[in-house]
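**Student:** any chance you can model this:
(one chain, ligands or ions: 1)
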Amino acid sequence: MTDLAIRTDGLTKRFRAQTAVDGIDLAVPSGSVFGFLGPNGSGKTTTIRMLLGLVGATAGSAQVLGTDMPRGLDRVLPRVGALVEGPAFAPFLSGAANLARFDAADRHAAPATRRARVAAALDRVGLSHAARKKAGAYSLGMKQRLGLANALLMPRDLLVLDEPTNGLDPQGTREVRSLIRSFAADGTTVFVSSHLLAEVEQLCTHVGVMSAGRLVAQGTLDDLRRSGRSSIEVLTPDPDRAGAVLAGLGLVPDDAGADPTPGADRPAEHAAGGDDAIVTAPLGDDPPAPEALVAALVADGVRVRGFEVRRTSLEQRFVELTGEGFDVVA
Ligand SMILES: Nc1ncnc2c1ncn2[C@@H]1O[C@H](COP(=O)(O)OP(=O)(O)OP(=O)(O)O)[C@@H](O)[C@H]1O
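**Tutor:** Okay, here's the model as predicted:
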């Protein structure tokens, strides 16, 4: 018994001098929609290829659906649907004929029920109307849906999808996302890679963050949000006094004029009006309650005209973790 659909220990892949995947310990809970997030080139595809036995690991181990890989490949693969680097469809064959070809290549798929299986998979991804159309005439979104249909020909316990919305227009993207949600609603574990933070936020229950081959964070989305640093902002015409009070309570104010929160687009001086200034200070691990801070400021004669506790956004958290910005557009 295992409650992890995917587990890796020290999984590593080196290409000559380059370490593409650097000792990662993945833990993907069964039933989760796990977003495997990272900038281009951070090692997501290489990890997925190792998980599916498409490339051997240099070091470390991987278990998929409780089975050691790649030793258990034959047993596990029938339970895993995969969409990696867009399947190679024959452009001159219809969508249905393409799926029938892939189905025929699967020795676990009974020929007698092939036609029904293909029809059901096309129906599932909303392509029944285009079943007889040549795949070469499909739009990119339709091709991607055909790829998903291919992954769904057999009942699956795990779907592994590498950047399934890459290159799709907004409509195609919405369709594919809504399909992924429907797979998850059926109880299938979905492991989906993406370089889009917004996509992972919208789709996923869990997330693993890759940066330069390393897994720099993983957990639920909420875990990740909570692990970010919070800060307070005080709007006051008495910034020096406010800074001293905060320092006395163990909070070290950010330098005046410095951008207080990484990624936030509002430097302190610009946001304040009149004779007010904004004093910001990061909250440490065990900060005083906000009301205690306000009380201390007021007690010391600081004219508090505004007070705010700011949580790090996920985007800021990712920037902190990876040292790079993410594409955040949906
Ligand atoms: N077959 C290979 N030979 C040599 N280097 C490789 C090979 N495959 C991947 N790499 C390198 O390994 C690193 C990680 O690549 P990978 O494709 O896994 O990243 P990724 O996160 O999936 O990025 P992308 O979103 O661009 O696909 C990259 O620097 C890439 O150039």
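**Student:** ramachandran angles for the nearest residue to A184 once chain neighbours are set aside?
**Tutor:** Using Cβ to Cβ, 6 or more residues apart in numbering and skipping the chain neighbours, the partner closest in space to A184 is V33 (4.7 Å). Every residue, glycine included, has its C-beta placed from N, CA and C. When quoted as degrees, to the nearest 10, the phi and psi of V33 stand at phi -110, psi 110.
**Student:** pretty sure V33 is touching C204, no?
**Tutor:** Yes. Contact status for V33 versus C204: in contact at 4.7 Å, counting by Cβ atoms under 8 Å.
**Student:** for the residue nearest to A184, give the beta-bridge partners.
**Tutor:** V190 (DSSP bridges).
**Student:** same deal with A82?
**Tutor:** Going by DSSP bridges, A82 forms beta bridges with V160.
**Student:** tell me, how many residues neighbour it?
**Tutor:** Neighbours of A82 under the rule other Cβ atoms under 10 Å: 22.
**Student:** residues touching it, list them.
**Tutor:** Going by Cβ atoms under 8 Å, 6 or more residues apart in numbering, A82 touches 48, 52, 151, 159-162.
**Student:** kindly provide the distance from it to F183.
**Tutor:** Counting by Cβ to Cβ, to the nearest Å, the gap from A82 to F183 is 13 Å.
**Student:** now for these two: what residues contact both?
**Tutor:** L159.
**Student:** please name the residues that touch the residue nearest to A184.
**Tutor:** With Cβ under 8 Å, 6+ apart as the criterion, the residues that contact V33 are 180-181, 184, 189-190, 192, 203-206.
**Student:** list only those of those flagged as buried.
**Tutor:** 180, 184, 189-190, 192, 203-204, 206 (16 or more other Cβ atoms under 10 Å).
**Student:** just give me the longest helix of the protein.
**Tutor:** helix 170-185 (DSSP state H).
**Student:** contact residues of the stretch 51-200 of the chain facing the ligand?
**Tutor:** H195 (Cβ under 6 Å from any ligand atom).
**Student:** residue boundaries of the helices in the stretch 51-200 of the chain?
**Tutor:** Ranges of helices within the stretch 51-200 of the chain are 73-76, 95-104, 114-124, 140-151, 170-185, 197-203, based on DSSP state H, counting those that start in this stretch.
**Student:** just how off-centre is the first one within its chain?
**Tutor:** On the basis of Cα atoms, centre = their mean, to the nearest Å, the separation between the geometric centre of helix 73-76 and that of its chain is 26 Å.
**Student:** now for that helix, which elements pack on it?
**Tutor:** strand 67-69 (3 or more Cβ pairs under 8 Å, 6 or more residues apart in numbering; DSSP states H and E).
**Student:** partner strands of the strand it packs on and their direction?
**Tutor:** Going by DSSP bridges, the partners of strand 67-69 are strand 59-64 (antiparallel).
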